[in-house]
Structure formats: structure tokens, C-alpha cells
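S.K.: return a 3D structure for these sequence lines:
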Amino acid sequence: MGIDRGGIGMGKAKDAGTPMAQRLGRPSWKDPRLLLGILIVLASCVGVITLVSTMDRTTPMYAAKADISLGEEITAEKLLVVNVKLDSLEERYVPADPALLKGTRANSLVRSGQLVPRSALGLSDGSNRRPVSINLPDTLPAAITSGAHVDVWVSLKDRTANAFAPPSLLLPSAEVTARTERATGFGGTDGTLVEILVVDESLADLLEAMANDARITVVFNPQASAS
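M.R.: Next up, the predicted model:
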């Protein structure tokens, strides 16, 4: 009796190809692997969009159209609205909100194009800080210019010992509004006249030190000047 080996072989080949055909079949929407892949892609897209939107976030802030001098009234007409990205520094500057400008004057010099610092908004009565001129016997460093910040040290005069007491810090981070070199008759300089802004709480102490011939030293504060 003959055996149809070809038929048996074809049957085996057909049976062996069935699992492969099942593996290569089109995946169903109910396949958890497909759903997981879709969720991963969606999560990646949301993460990228969130990151880009965070990196590109800007805030409308006020900047000066032209120089605003000390004591000058600050109004929206004198300011520009610029969109800037400040991150953690945002709290230091004035956002573009006209309500914040009501009844304010410049508490310090604001340069043209400069963002308006919150510290520059003074009350209309000017009671925040007052300009005081100090005569210094020495020439100041070139870094001490209008807009820079300095520490003011005072050594009180001990008249009984004809000497000065150890210096103490009277005004930390005081803002300079002007400086003038005192010229001599021979083309040189004989000290410096520097104008600084003094808060009301420290004004009496400074004036007392000046009236009693205390030794006043002005030291450049680079950290405060850079902020």
C-alpha cells in the first residue's frame, strides 16, 4: 500500500506555517502592547510641549523710554512694555501694570532701556530715600559711578584720645546717584564729592557723623551693583 509522502509533507508544512502567520498578523486595537506604545508616544509629546512652553515663557515688564532721574514722576507714558524671560529675577522688577505706578516717583536713577526695578518706585512724598552729598578726601575707584552701590563705613572721632574709633558699617549697599572729582588749581584732584541715597532710618546717623568730623569711607559693593 503506497503512502502519499507529498501529502504528508504538505500537511506538516501547512501546520508549521500557521503559528508564523498568527505572529505576523495585524495587531488588534485591544492588544495591550499597542495601547502601551500609544500612551508612551502621547506622554512624550506632552512632555516636549510642556518643556518648550516653559522655556519660552516671557512676562511683560516695564522699561524706561529715556533716563528717569531721581525724584521724577513715573508714569506709563515714560515706559515701554517689553516681554522678557527673568525666571527667579522676575520679582525684582516692575511688571507692566499701570496700577503699580500710581503716585510714585523715581527713587533712584533709571537708565534708558533699563528694566524698572521695584526698588526704584518711591512714594510721591519722596520719603523712601534721600540724596546726601558726602565730601571724601580721597579719589574713589572708577567702578563707583552713578547707579553703583557702595558700603559706607564710619569711624567716629575720639576727641579725648585724638584718634578714631574702629570703623562700623553704617549704610550697606547704598546707591550712588552722582560723583564729582574736586579739582585743584594745578590740574589734579583733591578728593571726591559723592551723592548717595540714604533711607530715612539711617539719615540722622549719617548727618551726625558728618557734623562731628567722623572719618567716612566708601567701599564699592560689586555684588549689589550687579543685581
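S.K.: how's the chain carved up into domains?
M.R.: Following automatic domain parsing, one gets these domains for the chain: 59-123, 129-226.
S.K.: chain center to the longest one, what's the gap?
M.R.: I take that to be domain 129-226. On the basis of Cα atoms, centre = their mean, to the nearest Å, domain 129-226 is displaced by 27 Å from the centre of the chain it belongs to.
S.K.: what about it, start to end distance?
M.R.: Distance across domain 129-226, first residue to last, is 20 Å (Cα to Cα, to the nearest Å).
S.K.: thinking again about what came up before, in CSV: the domains of the chain, plus mean pLDDT.
M.R.: Rendered in CSV, the data for those read as follows (pLDDT from 0 to 100):
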stretch, mean pLDDT
domain 59-123, 87
domain 129-226, 87
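S.K.: mind putting these into CSV with distance to residue 45 and mean neighbour count?
M.R.: Every residue, glycine included, has its C-beta placed from N, CA and C. Compiled in CSV, those are given as follows (distance: least, Cβ to Cβ, whole Å; neighbours: other Cβ atoms under 10 Å):
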stretch, distance to residue 45, mean neighbour count
domain 59-123, 23, 16
domain 129-226, 40, 15
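S.K.: in a markdown table: those domains, plus distance to residue 44.
M.R.: Shown next, in a markdown table, are those (distance: least, Cβ to Cβ, whole Å):
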| stretch | distance to residue 44 |
| --- | --- |
| domain 59-123 | 25 |
| domain 129-226 | 40 |
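S.K.: if we compare those domains, which one ends up closest to residue 32?
M.R.: Comparison of the domains of the chain against residue 32 by Cβ to Cβ identifies domain 59-123 as nearest, at 41.5 Å.
S.K.: which strand or helix spans the residue lying closest to residue 138 once chain neighbours are set aside?
M.R.: Closest residue to residue 138 apart from its sequence neighbours, by Cβ to Cβ, 6 or more residues apart in numbering: residue 191 at 6.2 Å. Under DSSP states H and E, the secondary-structure element containing residue 191 is strand 189-199.
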